[in-house]
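Undergrad: coords please:
(3 chains)
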Amino acid sequence: MEDDDGQDYVDKSRVLNVRPLRCLAPIFPSTPSFPSFPHPQASSPFMCPPPAGHFPPGFASFYPFSGYPDSQNMQTPMPFGFNGSIPAVPINSFRSGANGDAGSSGRSSRNPGPSQYEEGDGYSDWVHVNDGEDSSKAATKKKRTPKRARAGSGQDINVASSDVDVDAMVDKIVESFNLMDFDTFKRADGDKDSVGYIRMIYDLLRRKLSQIEDSKESTPGVTRRPDLRAGTILMNKGIRTNVKKRIGVVPGVEVGDIFFFRMEMCLVGLHAPIMAGIDYMGLKVSQDEEPVAVSIVSSGGYEDNSEDADVLVYSGQGGNINNRGMEITDQKLERGNLALEKSLHRGNEVRVIRGVKDIANPTGKIYVYDGLYKIRESWVDKGKSGCNVFKYKLVRLSGQPEAYTVWKSVQQWKDGSTARVGVISHDLTSGAESIPVSLVNDVDDEKGPSNFTYYPGLKYSKPVNSNESSTGCGCQGGCLAGNSSCPCIQRNGGNLPYTANGVLVSQKPLIHECGSSCICPPNCKNRVCQSGLKIRLEVFKTKDKGWGLRSWDPIRSGAFICEYAGEVIDITSAEELRCVNDDDYIFDATRTNQSGEGFLNASNETLKIPFPLIINAKHAGNVARFMNHSCSPNVFWQPVLRENSKECDLHIVFYAYRHIPPMTELTYSYGIVPPDRADQRRKKCLCGSAKCLGYFY
DNA sequence: ATCCGTCAGAGGTAT
DNA sequence: ACCTCTGACGGATCT
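TA: From the prediction side, this is the model:
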């Protein structure tokens, strides 16, 4: 502003001219003067993004997963394996005090406290599902008018998909999360737990609805929107939180969180409108009430731009900019535009969500919550069409965790315009994987993990014969979801275990992928985890847990990450190694799930492992050997069997538990040992989670 | 593989 | 009832 060339002031006056109504009085009065400028004392121009610093084990704290309810079976996962490297040095660094805020652990710099505008509190919010007298939903929909008998075809959408009892499915999903403290959620505002649960439930439901749709004939003209459907269902059941609009921080949602659908943001109260980019609310000012903006979504629909990652020039709404077919008109100072103008003068915080293209799924978008901004100025531009378009310049508040800037950095690392700091090796796999895996240390002098051979698969000393005579499929063009006669689909219980874009629908006791005895091509939808890494990973030195694994790319819930590679050993060998404490890097699929918080033995089912698979990755292995343990993991493992008529081709495969923002450490739960081995040495856990048990095996 | 055009759609707001 | 920076599809266009 001051340091601008002044042109903006000219523009600003035009705003007043444009102002068509009384809405905006000739104000500029009590602008809660933000210092005429430059950021107060923006501590240090975050030059050196403390590598691991900003991304401590700050995530998670909730989440369970346990019985990913499967259409037929439920089972419980039970991660385990072993971390390796360097006996962790106990440094607490991030341990949030005993503050009740479950989970806000890591992030050194938290969001500024709740805005002073926030009024009332949330009571209600997370509402019980089968609550007889649940009121929250009564007020909302319910009366969804039947819309005039739509062009005939419409309603069979519901009928068609109701051959599956969706309602029961949802209840089962919710139940599987074992929300023992459900009642406390009912009273609470959103918090990390409830937000986490809701998001996991939402995406699981969405994937299941997708799966159902995938297996049906696609009826031309009917658009399938599992995202909307899942959202509506949860809305109606009251499985949502932060229902009341608020300015500023949304409890339970962290800066940097990513979303794959607008509906997800509605459910957790981050941004209510399902399409509109500007969310606003009435704010009481003395007697009157005026609209103020609370959040915006910038996703490329308008001519926004931002030269600096902390600055956003946002376009107002309206004017038929994105409504082709209608004549483009001048935007009016009403609705969201008016709210933004009011917020400019009021100086309230506005949440900013940035939409970015999803590289892994080009038809989709990812929304990055970039934290709080303030509107600094507004003016009117002539759009390309020559009509008036409102512009709002927003500047990010300092002291918040990095979010969008991380995406920018990654982009630069990829295109080579900026070098990744602390790189030891650009590809520690030496070409063994189809995409490189960086080795990075920006915290100390260590030059790398101890020697090992990078090997992306499993090494058997002797083949394990298959006792079932399996025959592969004959799906020439690849297995189709709707093909119930495909033997591979039958083995999976009648459905393809993955959605059309390759995301695992839910955990299962055992997944059957197509293998060498199938004739389907490598791009078959049932060959997800056998074509190598898809995600750009890096092995990095953590602050206090030795080496760890994280991703440059965002990872969506259910996405394949990698398998656990190494040498297959037998139980006797494993025991021997344990005796001499040389069992780091051992993955033992016979371990049971972690019990207690987060994990639940929802049913008697457990993972079905055809034979006791134990993998030693000490001498040879892949990136999975670097994944650390966490009591609140964001990754889980799952046995996967590939169809192979001669041998038993079993693999341990890792998938994302939930959406994982870029540069967040990937962790899974190593699980617990069977009772007869309970005396095994424990290791001190440094996961930093609010639910940390303090140790792991 | 990208791009455009189509279109049903949801919740929230305003009427 | 009206509004809207969705998102899946189908078809055209393009290295």
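Undergrad: measure A:Cys473 to A:Gly482 for me?
TA: Going from A:Cys473 to A:Gly482 by Cβ to Cβ, to the nearest Å gives 14 Å. Yep, even glycine has a C-beta here, placed from its N, CA and C like the rest.
Undergrad: higher neighbour count, these two?
TA: A:Cys473 (24 against 14; other Cβ atoms under 10 Å).
Undergrad: ok, now which ones touch that one?
TA: Residues in contact with A:Cys473 (Cβ atoms under 8 Å, 6 or more residues apart in numbering) are A:479, A:486-489, A:514, A:518-520, A:643.
Undergrad: what stretches of the stretch 551-697 of chain A score poorly on pLDDT?
TA: Applying pLDDT under 70 to the stretch 551-697 of chain A flags residues A:592-606, A:678-680.
Undergrad: strands along that one, start to end?
TA: For the stretch 551-697 of chain A, the strands defined by DSSP state E, counting those that start in this stretch occupy A:560-563, A:566-569, A:586-588, A:614-616, A:620-621, A:628-629, A:635-642, A:649-656, A:665-668, A:683-684, A:695-696.
Undergrad: what's the closest of those to A:Gly277?
TA: Nearest to A:Gly277, of all the strands of the stretch 551-697 of chain A, is strand A:649-656, at 27.9 Å by Cβ to Cβ.
Undergrad: and that closest one with strand A:635-642, angle?
TA: 150 degrees (axes from the mean of the first three to the mean of the last three Cα atoms, to 10 degrees).
Undergrad: from the chain's centroid, how far away is strand A:649-656?
TA: When C-alpha coordinates are averaged (Cα atoms, centre = their mean, to the nearest Å), strand A:649-656 and its chain have centres 20 Å apart.
Undergrad: circling back to that earlier point, among the contacts of A:Cys473, which two are most distant?
TA: For these, the maximum inter-member distance is 14.7 Å, found between A:Ile489 and A:Ile519 (Cβ to Cβ).
Undergrad: between these two, tell me which one has more neighbours.
TA: Using other Cβ under 10 Å as the criterion, A:Ile489 and A:Ile519 rank with A:Ile489 on top: 25 against 12.
Undergrad: next up, identify which helix or strand the more buried one is on.
TA: Assigned by DSSP states H and E, A:Ile489 belongs to helix A:487-491.
Undergrad: what about A:Gly493, how many neighbours?
TA: Other residues near A:Gly493 come to 15 when the count uses other Cβ under 10 Å.
Undergrad: and what of A:Met235?
TA: Other residues lying near A:Met235 total 18 when counted by other Cβ under 10 Å.
Undergrad: repeat for the one 3 residues further on
TA: Using other Cβ under 10 Å, A:Gly238 has 23 neighbouring residues.
Undergrad: quick one: residues contacting the closest residue in space to A:Asp203 that isn't next to it in sequence.
TA: Among residues not flanking A:Asp203 along the chain, A:Ser557 sits closest, at 4.6 Å (Cβ to Cβ, 6 or more residues apart in numbering). A:Ser557 sits next to A:199-200, A:203-204, A:207, A:503, A:656-659 when contact means Cβ under 8 Å, 6+ apart.
Undergrad: same thing but at 6 Å, please
TA: A:203, A:656, A:658-659 (Cβ atoms under 6 Å, 6 or more residues apart in numbering).
Undergrad: how much space between it and A:Ser669?
TA: Taken as Cβ to Cβ, the span from A:Ser557 to A:Ser669 is 16 Å.
Undergrad: try A:Asp214
TA: 30 Å.
Undergrad: so for the two, which residue has more residues nearby?
TA: Taking other Cβ under 10 Å, A:Asp214 and A:Ser669 do not tie; A:Ser669 has more neighbours (28 against 20).
Undergrad: measure the more buried one to A:Leu338 for me?
TA: Distance, A:Ser669 to A:Leu338, using Cβ to Cβ: 49 Å.
Undergrad: is it true that A:Gly256 touches A:Pro662?
TA: No: here A:Gly256 does not reach A:Pro662: they are 8.8 Å apart, not a contact under Cβ atoms under 6 Å.
Undergrad: any idea how far apart the tips of stretch A:644-658 sit?
TA: The first residue of stretch A:644-658 is 31 Å away from its last residue (Cα to Cα, to the nearest Å).
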